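> I would like the atomic coordinates for the input below:
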Amino acid sequence: MGGLLFAAGVSAGLDHALGSWRFHAVPWSIALGLALAIGTGVVFGIFPAWRAARLDPVEALREA
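Okay, here's the model as predicted:
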């Protein structure tokens, strides 16, 4: 969420400085970007950690 606010601030600043650049973001594109970022975090972060937590520690180290 901080990145979203940062990007909006930078775009607004450039719009003010340049005068000819118009910043326009539709809500569905913001929601889609956030949903994809959250989905990627779940698939590549939480899911493998959950699988690893179910393993027996001794057996997991023996296979490594």
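> Need the contact partners of the longest helix along the chain.
If you go by DSSP state H, the chain has its longest helix at helix 2-18. For helix 2-18, the surrounding residues in contact (Cβ atoms under 8 Å, 6 or more residues apart in numbering) are 21-23, 25, 30, 34. (Each C-beta comes from the backbone N, C-alpha and C, glycine too.)
> Provide a list of residue ranges in this protein with pLDDT below threshold.
64 (pLDDT under 70).
> quick one: the strands in it?
Assigned strands in the chain: none (criterion: DSSP state E).
> Report the central residue of it.
Among the residues of the chain, the one closest to the centroid is residue 37, at 3.4 Å (Cα atoms, centre = their mean).
> what's the distance between that residue and residue 7?
Per Cβ to Cβ, to the nearest Å, residue 37 is found 13 Å from residue 7.
> Next: residue 59.
In terms of Cβ to Cβ, residue 59 sits 45 Å off from residue 7.
> Break down the chain into its helices, ranges please.
2-18, 27-41, 47-53, 57-63.
> quick one: the first one to chain centroid distance?
Same thing as helix 2-18. For helix 2-18, the separation from the chain centroid amounts to 18 Å (computed by Cα atoms, centre = their mean, to the nearest Å).
> Convert the C-alpha atoms of it to PDB, please.
The C-alpha trace of helix 2-18 is given here as PDB (Å, rounded to 0.1, in the frame of the first residue of the first chain):
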ATOM      1  CA  GLY A   2       2.900   2.300   0.700                       C
ATOM      2  CA  GLY A   3       4.300   1.800  -2.800                       C
ATOM      3  CA  LEU A   4       0.900   2.700  -4.200                       C
ATOM      4  CA  LEU A   5       0.800   6.000  -2.300                       C
ATOM      5  CA  PHE A   6       4.500   6.700  -3.200                       C
ATOM      6  CA  ALA A   7       3.700   6.200  -6.900                       C
ATOM      7  CA  ALA A   8       0.700   8.400  -6.800                       C
ATOM      8  CA  GLY A   9       2.700  11.100  -5.000                       C
ATOM      9  CA  VAL A  10       5.600  10.900  -7.600                       C
ATOM     10  CA  SER A  11       3.100  11.100 -10.400                       C
ATOM     11  CA  ALA A  12       1.300  14.000  -8.900                       C
ATOM     12  CA  GLY A  13       4.600  15.800  -8.300                       C
ATOM     13  CA  LEU A  14       5.700  15.200 -12.000                       C
ATOM     14  CA  ASP A  15       2.300  16.400 -13.100                       C
ATOM     15  CA  HIS A  16       2.700  19.600 -11.100                       C
ATOM     16  CA  ALA A  17       6.300  20.100 -12.300                       C
ATOM     17  CA  LEU A  18       5.800  19.300 -16.000                       C
END
